[in-house]
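Participant: Predicted model follows, preceded by the sequence.
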Amino acid sequence: MARVKPGRESALVRAIHERTLGKGSVAGDEYLRNMEEARLDDDDTVRRVEVCFCLTPLAEERSYWEEYFELLSVKDAHSRKNCRDLNGQEAWACCECDCTKRFEQRLAQRGDPFLKRLRLDTSKPGGSDW
């Protein structure tokens, strides 16, 4: 869960549009996919699901996200002992995991599409009303 940092809305829209969000990260296009799937709650918090293979969630990606977002909560989606990738049963299992799909489906039912609101707000004269 996160909030866009005040004054960073236009820069975030630009980074998404120019496909430079997360440039240089091993996560590649995952950042752009995360923004497409992200949802905005009534309290202006942004929620998203990211498939992360770091031992500490977002260990590699944190600095890229913190450029635009205040991270309010970062947590594992479920117990790591159940993760087939992390417990060694199946490498890269999270990419096509049922639990990831279930979390993404649940997220899709929450709030409003984040990018729709972000683009709408930054297109208004004077910027954003976040």
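Facilitator: The structure has been received and is ready for your questions. Residues are numbered from 1 along each chain as shown.
Participant: For residue 69, give me its contacts.
Facilitator: Under the criterion of Cβ atoms under 8 Å, 6 or more residues apart in numbering, the contact list for residue 69 reads 2, 3, 4, 5, 8, 46. C-beta here means a position set from N, CA and C on the backbone, and glycine is covered the same way.
Participant: what are the phi and psi values for the first one?
Facilitator: Reported as degrees, to the nearest 10, the phi and psi values for residue 2 are phi -150, psi 170.
Participant: give me every residue that touches it.
Facilitator: So residue 2 contacts 45, 46, 65, 69, 70, 71, 72, 73 (Cβ under 8 Å, 6+ apart).
Participant: Looking at neighbours, which among these is most surrounded?
Facilitator: With neighbours taken as other Cβ atoms under 10 Å, the top of these is residue 46, carrying 23 neighbours.
Participant: Report the beta-bridge partners for it.
Facilitator: Beta-bridge partners for residue 46, by DSSP bridges, are residue 2, residue 40.
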